[in-house]
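*Asks:* Give me the fold of what follows.
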Amino acid sequence: MKQRILLFITIFFYFVLIFFIGKVAFALIHSSLGGEISTSDIYQVLYHGLPLDLSMSGYFTAIPALILILSIWFRSRYIARIFNIYFIIILSIIAIITVVDIVLYPYWGFHFDSTVFLYLKKPQEAFASGSIAEILLGLLFTIVFAAIIYIGYIFIIRKQVLNLKVPKSIRNTGIVLVLLTAALFLPIRGGITVSTMNVGQVYYSDNMFLNHAAINPHFNLMYSFIKSDDFASQYQFYSKEEATEIFDKITKQPHNDSIPRLLNTDKPNIILFVLESFSANVALDSLVAPNMSNFAKEGIFFENFYANSFRTDRGIVSVLSGYPAHPTVAIMKYPQKTGNLPTIPRTLKEKGYDLSFYYGGDADFANMRSYFVGACGIKDIVADKEFPLSERMTKWGVPDKPLIERFYRDLTTKDIKTPFFKTVLTLSSHEPFDVPVNEFKEPFLNAVHYTDECLGDFVKQLKTTKYWNNTLIIFVADHAMQSYPQGINNSDPKRFRIPMIWIGGAVKQPEVIKDFTSQNDLAATLLSQLDVNHDEFIFSKDVLNPDRNKFAFYSYVNGFCMTDSTGTVTYDNDKQSIIRQEGNPDLEKKAKAFFQMMYLDLGNR
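*Replies:* Numbers count the residues shown, from 1 in each chain. Modelled structure (predicted):
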């Protein structure tokens, strides 16, 4: 009996030891993201993260516990073979998740979770952020880590399994092992209180990186899979009636005849450039992006403009559907839901606009094609396969220069119907930033500079064509760069501020819009300028309407922020508390109601 009890305890705590090793490696490798990490910080990370480690260890120990019960009646060598198979599989999975999580974290800003698998449908795209060296190094570390923890299994666990003997009392040993197995329920669930184990239980610090370091990545991945898809019932801060009342007060769109007119015409041709990772601080740097900086001066510059999220698939929906991004799920994953979203392209198509979409990468990545065709009504899609192999020079596909040159060539040589609404999604400023220029030491700045140069050439050429005088060009980022500059928390408003600039012959005059706004507001603001009804876009507000509430809203990993001229409030759903509050205390209620209505609407679509 003692042999099996000791083996049971050894297995349970061996998994905990592995998790500790992974956490220490995570904290040390990414310490620059959260400031200097001390020995005390490491201790606190391990201590506060222990509940999730114990829970995950409980899950992994359950099957060996059942095998131990069977070992009462079977020879140890047969049991050892079963253990070998189980531990080879489990330890390999642990090694893969641990290393992949460490590799992806600086790019994604959050732990490896189920949303990643949406992108893994296109593996070549999902891993395009990393260089070949990083991928090979990650693979090497995975193999090394798996080998180390398997060797540990051989010396710590397998030896005990091979030495198992038939217990003196089979009945008593069986009862004890059954009770021990049942007891795994306690660490798995997190005790016997009403609250069950969840990621937020390990949050303890104002430094979000330390909270992330405390999270068990394996638990986080499992938890993200089992979370309910009953979106309408999630994040219920208030009763449905109260949330709706608050939401209506901040989003209702009163008619106002004094909305300023920014354009010379109410039916311009429109070219929308969605710029990969163009953070405002970089896009407006005259050295890094001289053309964008000049566009901000010669056109309409939205000074306090924010991304709704941190991923391209979410950003696109926010821009084109006026639909704020949900932190825990990408609506693009659900074509049946995106199919009934309102979109700018489909709305303009009903007004006679010709539509097309240009992208140098794979249009099927992250279900993009289903959104562009099903929700936007765009049939003319030019993506990587429309370019010769010689131009697909990067991991993501076609660099921005040949992409934009192709777009300009089609625009000026084909019989283009007018008015038109054309969307171009760039990609060269995405990791790994492999662009054919070398102006800056920082790869991201180098890539932005390259794309900026391509955009400058395009505008210069378009000014010489018949389209210029009646064309509006909109530059807007899909999201900001999450890993640059370092030292800024991933929930900080500075991380989400992006540029939106309108230029073209259709623009009346240069102007700076100082009101706070975000991607989801483009729909109502643009359609209002075109005298097109935008009542369907319930989350989008016309930022030029003087009677409207002027605020920006965004979501990060599992939290959200509302910011305006009166203050800022950031709420973390894992921590279940406010982590940042400045100025106006009323923002908390508005932000929570807005967020709650986002999930209610998602669930009802």
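
*Asks:* So, low pLDDT: which residues of the stretch 501-605 of the chain?
*Replies:* Applying pLDDT under 70 to the stretch 501-605 of the chain picks out no residues at all.

*Asks:* so where do the strands sit in it?
*Replies:* Ranges of strands within the stretch 501-605 of the chain are 511-518, 552-556, 559-564, 567-572, 577-583, based on DSSP state E, counting those that start in this stretch.

*Asks:* Against which helices or strands is the third one packed?
*Replies:* If I follow you right, that is strand 559-564. Judged by 3 or more CB pairs under 8 Å, 6 or more residues apart in numbering; DSSP states H and E, strand 559-564 is in contact with strand 552-556, strand 567-572, helix 587-604. The way it works is simple: take the backbone N, C-alpha and C, and place the C-beta from them, glycine included.

*Asks:* want to throw those into JSON lines with distance to residue 451 and mean neighbour count?
*Replies:* JSON lines is the format used below for the helices and strands packed on strand 559-564 (distance: least, CB to CB, whole Å; neighbours: other CB atoms under 10 Å):
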{"stretch": "strand 552-556", "distance to residue 451": "23", "mean neighbour count": "27"}
{"stretch": "strand 567-572", "distance to residue 451": "30", "mean neighbour count": "22"}
{"stretch": "helix 587-604", "distance to residue 451": "31", "mean neighbour count": "20"}
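
*Asks:* Please name whichever of those is nearest to residue 331.
*Replies:* Of all the helices and strands packed on strand 559-564, helix 587-604 sits nearest to residue 331, with 6.4 Å by CB to CB.

*Asks:* Which strands or helices does the closest one pack on?
*Replies:* Applying 3+ CB pairs under 8 Å, 6+ apart, one finds that helix 587-604 contacts helix 240-251, strand 552-556, strand 559-564, strand 567-572, strand 577-583.

*Asks:* Please tabulate the helices and strands packed on strand 559-564 in TSV, including the columns distance to residue 161.
*Replies:* What follows is those, written out as TSV (distance: least, CB to CB, whole Å):
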stretch	distance to residue 161
strand 552-556	45
strand 567-572	43
helix 587-604	48
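
*Asks:* Any idea which of those gets closest to residue 348?
*Replies:* Comparing the helices and strands packed on strand 559-564 by CB to CB, helix 587-604 comes nearest, at 22.7 Å.

*Asks:* Please compute how far that closest one lies from its chain's middle.
*Replies:* Relative to its chain's centre, helix 587-604 lies at 19 Å (CA atoms, centre = their mean, to the nearest Å).

*Asks:* ditto for stretch 388-407
*Replies:* Using CA atoms, centre = their mean, the offset of stretch 388-407 from its chain centre is 25 Å.

*Asks:* Need the contact partners of it.
*Replies:* Residues outside stretch 388-407 that contact it (CB atoms under 8 Å, 6 or more residues apart in numbering): 124-125, 127-128, 358-362, 382-384, 386-387, 422, 424, 426-428, 430, 432, 434-436, 450-451, 454-455, 457-458.

*Asks:* are any of those buried, and which?
*Replies:* 125, 127-128, 358-362, 382-384, 387, 422, 424, 426-428, 430, 432, 434-435, 450-451, 454-455, 458 (16 or more other CB atoms under 10 Å).

*Asks:* Helices along the stretch 101-250 of the chain, start to end?
*Replies:* Assigned by DSSP state H, counting those that start in this stretch, the helices in the stretch 101-250 of the chain fall at 116-119, 123-126, 132-153, 159-162, 170-183, 185-189, 208-214, 217-226, 240-251.

*Asks:* mean pLDDT for those helices: which is lowest?
*Replies:* Note on the helices of the stretch 101-250 of the chain: helix 123-126 shows the lowest mean pLDDT, a mean of 56.

*Asks:* my read: residue 538 touches residue 600, true?
*Replies:* No: contact criterion CB atoms under 8 Å: residue 538 and residue 600 do not qualify, at 11.2 Å.

*Asks:* neighbours of residue 527, just the number please.
*Replies:* Here the count is done by other CB atoms under 10 Å, and residue 527 has 23 residues near it.

*Asks:* how about the strands in the stretch 251-400 of the chain?
*Replies:* 269-275, 300-306, 354-359, 381-382.

*Asks:* hmm, back to that, single out the most deeply packed of the helices of the stretch 101-250 of the chain.
*Replies:* Looking across those with neighbours counted as mean count of other CB atoms under 10 Å, the highest average goes to helix 208-214: a mean of 25.

*Asks:* In terms of secondary structure, what does it contact?
*Replies:* Short answer (3+ CB pairs under 8 Å, 6+ apart): helix 208-214 packs on helix 2-29, helix 39-70.

*Asks:* Alpha carbons of stretch 30-45, as CSV, please.
*Replies:* This file holds the C-alpha atoms of stretch 30-45, laid out as CSV (Å, rounded to 0.1, in the frame of the first residue of the first chain):
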residue,chain,number,x,y,z
HIS,A,30,10.3,37.5,-21.0
SER,A,31,11.4,39.4,-17.9
SER,A,32,12.0,42.6,-20.1
LEU,A,33,8.3,42.7,-20.8
GLY,A,34,7.4,43.3,-17.1
GLY,A,35,10.5,45.2,-15.9
GLU,A,36,13.3,43.7,-13.9
ILE,A,37,12.3,40.3,-12.3
SER,A,38,13.7,39.6,-8.9
THR,A,39,14.1,36.3,-7.0
SER,A,40,11.2,37.4,-4.8
ASP,A,41,9.1,38.0,-7.9
ILE,A,42,9.8,34.4,-9.1
TYR,A,43,8.8,33.1,-5.7
GLN,A,44,5.5,35.1,-5.8
VAL,A,45,4.8,33.9,-9.3
